[in-house]
Structures are given as C-alpha cells and as structure tokens.
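Colleague: this is a predicted model, with the sequence first.
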Amino acid sequence: MTADIIYAEHVSRVNGAKAVGDDLWLERADLTTASGWHLKPEGACKGDVCVPIPPAREAEFIRDGRASFNLAALARQLGQPVVHDDKSGTWYFGEAAANRRATFTSLQAPDFELPDIDGKLHRLSDYRGKKVLLVAWASWCGCRVDLPVWQGIYEELKDHGFTIVAVALDSAGTPAVRDFIRPASTALPPRLKDIMGWDDAFTERAGVPQYPCLIDRKHIVGELYEFINVPMVVWIDENGRVVRPAEPAGVTDGIRAMDLKTRLLPKDVIDEAKRLRRTYVDAIRDWVVKGERSEFVLSTEEARRRASGPDDSDALATANFRLGEYLFEKGLRDDALKYFAEARRLRPESWSFKRQSWELEQTGKASGPEFFAEVMALGDDHYYAPLEMKEPGK
C-alpha cells in the first residue's frame with residue numbers, strides 16, 4: 001500500500017508500507033525517510049538517542065529478518081499518540097505528552113518558525129533579548145479586531161525592549177486573516193469593542209499592526225503553549241523564559257450575558273470587561289518597565305502550577321485534530337470531520353478545536369447558534385478562565 005506518514009510535521013509518501021490494524025510496517029530505508037529513525041543492533045536510533053527493542057517483544061517491532069520495522073509499535077513505546085485513516089492510508093504520529101509536559105516544567109519558551117502574510121519566516125528566538133507578549137487570535141473570534149489596539153500598546157512600550165508577536169491560529173491561512181492584519185480601518189465595531197472590553201483610551205491609539213503577525217495553519221503554537229481558546233497570551237522574558245503561562249488576554253466571560261437577539265451586553269458587564277482589560281494592560285506595563293521585579297512575574301512554582309501541560313488524552317486529541325486538518329486540505333472533507341469530532345470529544349475544553357473545526361465545516365459556524373448554545377450551557381464552567389491577577393498597586 002501507499003501511505004502518507006506525518007511524523008514531526010514532516011509528510012512522506014511511502015510505497016510498500018503495510019498496515020495491519022494499528023501497526024504500520026516499513027522497510028528500513030522507508031523508516032529513516034519517514035521518521036528519521038535508524039534500526040541498529042542496539043535498537044531504533046535517532047541522533048544520540050537509541051530505544052532498545054524489548055527482547056520478549058521483538059516480534060512486535062521487527063520481522064522478515066530485520067527487513068521491516070513497525071513504526072507504530074515504536075511510537076507506542078515512546079508514548080506518542082498515533083491516529084490513522086485507513087481509507088486514505090494516512091498516519092499521523094504526534095508528540096508524546098510526557099515530552100510536552102517536560103517543556104512546560106522547564107518554563108523555557110518553545111521555539112517555532114511561522115510565516116507572516118508576505119511569506120517571510122519568523123522564529124520566536126529572533127526576538128531573544130526583548131520581552132515578548134505572545135498573543136494568540138483567530139479570524140473566527142471577536143479578537144480579530146484586537147490587533148490594531150495591541151498596536152497602540154506596542155507603540156507605547158516598544159522602546160523599553162518589548163515586542164508583541166501575534167499568531168493567528170487559523171487553518172484557512174492568509175486569505176482568512178489578511179484583512180485583520182492589514183485592516184482598511186482601525187476603528188472597532190462598537191459591539192465587538194464592548195465584547196472585547198476595549199475602552200476609548202485604547203481604541204483612540206489603534207493603528208495598523210507593525211509588530212510581527214504570523215500565521216499558524218496547523219495550530220502548532222496552540223499545542224506548544226496550550227492555547228485552548230483565543231485570545232490568549234504568554235509573557236516571555238528577555239532570556240526566553242515563560243514568566244506567565246497561557247491565560248486569557250484580559251477578557252471575561254461577559255459573552256454569556258449577551259442578548260442573543262440583539263447581540264448586546266448589559267452595561268455592567270461591559271464596564272467590568274473594560275475594567276479587567278485596563279487591569280491586564282497595566283500589569284503588562286508594570287512588567288515591561290520593572291522586569292523580574294514586577295509583582296506580576298510569577299514565581300517558578302506558581303508558573304509551573306499554571307503550566308501543567310497536556311495529558312495523554314489531550315495529545316491524542318491534538319493528533320486527531322491534525323489528521324483532520326490534513327485530510328481537509330486534501331479535499332477529503334467528510335473524512336476529516338470525524339477526526340475533528342473525535343478531537344472535540346477527547347478535549348471538550350478546547351474551544352480552539354471546536355471553533356476552528358466548526359469554521360472549516362461551514363463558514364460562520366464558529367460564531368453561530370451551535371457556538372452560543374454550548375457557551376450558554378456551560379453551567380458552572382467557564383468559557384474564559386477567571387484571571388488570576390490583582391489590580392496593579394493594590
């Protein structure tokens with residue numbers, strides 16, 4: 001059979017692969033091409049890492065006199081999530097949840113490389129030496145109007161060794177986000193201005209974004225930083241250390257008080273949304289000026305508590321979502337939808353998975369009746385987690 005193998009985000013088409021249930025057998029040369037692993041006497045090796053083959057289970061990994069190797073068995077040994085679509089012959093191998101959790105525990109900001117709308121590639125590490133506010137947003141969220149407002153904050157603080165890096169978690173890519181990154185007007189629609197909590201002190205300084213605005217079609221940054229909703233932000237210091245893990249960017253659950261007929265919010269809800277935004281931006285200002293002396297820089301223990309990282313079910317959800325995206329891009333829409341549904345089932349708290357897959361299914365669905373029905377049915381759960389931050393100076 002011919003298999004499309006997605007391993008470490010690298011796609012290989014392998015002829016002669018053999019799929020048997022949840023096992024994927026590859027010739028030794030194909031194993032290396034598809035995954036970077038080599039079969040050696042000491043086991044499966046990549047670089048300086050070798051994974052011994054359990055002697056009692058060798059038949060699970062090797063057959064035909066070591067001519068064939070079971071990549072899926074190796075993935076299970078390493079704790080990697082594996083999802084496969086038999087109809088298209090596509091196999092997705094994800095990152096082990098334990099590896100992701102180790103990254104979160106280290107509090108070192110994972111590097112990534114993404115394009116802007118002109119195709120220029122940017123790495124997070126390009127901005128080492130500056131404080132970075134990493135902002136996640138999407139075209140299917142009201143936060144699409146935030147970018148010009150963040151520009152005013154960037155202008156205010158950029159001379160203090162500060163930058164914003166905005167990342168659109170948007171599988172539709174450049175066409176979906178271009179008009180928000182380079183807007184014809186920086187005026188916010190009044191309704192969205194209230195929902196997103198920006199008052200006139202911010203919107204009057206809005207401008208076309210001059211900070212890096214990148215596009216993440218595969219939601220890779222969402223996985224690296226646990227962005228389960230948008231807008232969310234991470235604070236990263238000059239040394240590439242996360243000082244505040246992913247949290248809502250000063251937004252509230254006020255949307256749950258919306259009148260669904262008029263799409264308007266009560267005045268007290270609007271006032272609270274604006275108060276919280278001011279509180280959050282004031283905290284950013286304090287951090288930018290004071291650095292590690294800021295009261296809003298979390299202790300190592302507290303930062304680790306808030307950044308626990310994904311579990312195995314979360315990693316499997318991501319693998320299903322990524323496979324769905326791949327199939328969708330290949331035009332296999334109906335096949336993709338079942339993997340999107342499985343990702344939502346495995347990780348129901350990920351609104352990024354829900355809303356992005358809904359939007360791919362039908363334009364506008366991410367802000368339609370299904371979305372509001374789920375938000376209104378949350379009960380005691382939150383759409384945005386409450387901000388764990390006191391007001392500056394109090």
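Modeller: Here it is on my side, so go on.
Colleague: burial count for residue 244?
Modeller: 23 (other CB atoms under 10 Å). C-beta: built from backbone N, CA, C; applies to glycine.
Colleague: just checking: what are the partner strands of the strand or helix carrying it?
Modeller: Taking DSSP states H and E as the definition, one finds residue 244 inside strand 242-248. Sheet pairing here is set by DSSP bridges, and for strand 242-248 it gives strand 232-236 (antiparallel).
Colleague: contacts for the strand it pairs with next, please.
Modeller: Strand 232-236 is contacted from outside by 109, 124, 131-136, 225, 242-249, 284, 287, 297, using CB atoms under 8 Å, 6 or more residues apart in numbering.
Colleague: run the chain-centre distance for it.
Modeller: Per CA atoms, centre = their mean, to the nearest Å, the displacement of strand 232-236 from the mean C-alpha position of its chain is 12 Å.
Colleague: pull the CA atoms of it into CSV?
Modeller: C-alpha atoms of strand 232-236 as CSV (Å, rounded to 0.1, in the frame of the first residue of the first chain):
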residue,chain,number,x,y,z
MET,A,232,-4.8,34.1,25.0
VAL,A,233,-1.3,35.4,25.8
VAL,A,234,2.0,34.2,27.2
TRP,A,235,4.6,36.5,28.8
ILE,A,236,8.2,35.6,27.8
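Colleague: mean confidence for it?
Modeller: What strand 232-236 shows for mean pLDDT is 98.
Colleague: what's the answer for stretch 384-394, then?
Modeller: pLDDT averaged over stretch 384-394 gives 79.
Colleague: tell me which residues are up against it.
Modeller: 229, 247-248, 250-253, 276, 279-280, 282-283, 286, 295-296, 306.
Colleague: how about stretch 183-193?
Modeller: With CB under 8 Å, 6+ apart as the criterion, stretch 183-193 contacts 142, 145, 147-149, 151, 196, 198, 203, 206-208, 263-264.
Colleague: again, 6 Å this time
Modeller: 142, 145, 148, 203, 206, 207 (CB atoms under 6 Å, 6 or more residues apart in numbering).
Colleague: tabulate the residues you listed (TSV), appending distance to residue 159.
Modeller: Formatted as TSV, these follow (distance: CB to CB, whole Å):
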residue	distance to residue 159
142	30
145	26
148	20
203	22
206	19
207	16
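Colleague: any of those buried? List them.
Modeller: Listed as buried from the contacts of stretch 183-193 are 142, 145, 148, 203, 206; burial here means 16 or more other CB atoms under 10 Å.
Colleague: would you mark the buried spots in the helix or strand encompassing the third one?
Modeller: For residue 148, the host element (DSSP H and E) is helix 147-157. Taking 16+ other CB under 10 Å as the basis for neighbour counts, the residues of helix 147-157 that come out buried are 147, 148, 149, 150, 151, 152, 153, 154, 157.
Colleague: then stretch 371-386?
Modeller: Going by 16+ other CB under 10 Å, stretch 371-386 has these buried residues: 371, 374, 383, 384, 385.
Colleague: again, but for stretch 31-38
Modeller: Neighbour-count burial for stretch 31-38, counted by 16+ other CB under 10 Å, picks out 31, 33, 34, 35, 37, 38.
Colleague: tell me which of those fall in helices.
Modeller: Those of the buried residues of stretch 31-38 mapping onto helices are 31, 33, 34, 35, per DSSP state H.
Colleague: would JSON lines of these with distance to residue 322 and pLDDT be doable?
Modeller: Compiled in JSON lines, those are given as follows (distance: CB to CB, whole Å; pLDDT from 0 to 100):
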{"residue": "31", "distance to residue 322": "21", "pLDDT": "96"}
{"residue": "33", "distance to residue 322": "20", "pLDDT": "96"}
{"residue": "34", "distance to residue 322": "16", "pLDDT": "97"}
{"residue": "35", "distance to residue 322": "16", "pLDDT": "97"}
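Colleague: closest to residue 268 out of these?
Modeller: residue 35 (55.8 Å; CB to CB).
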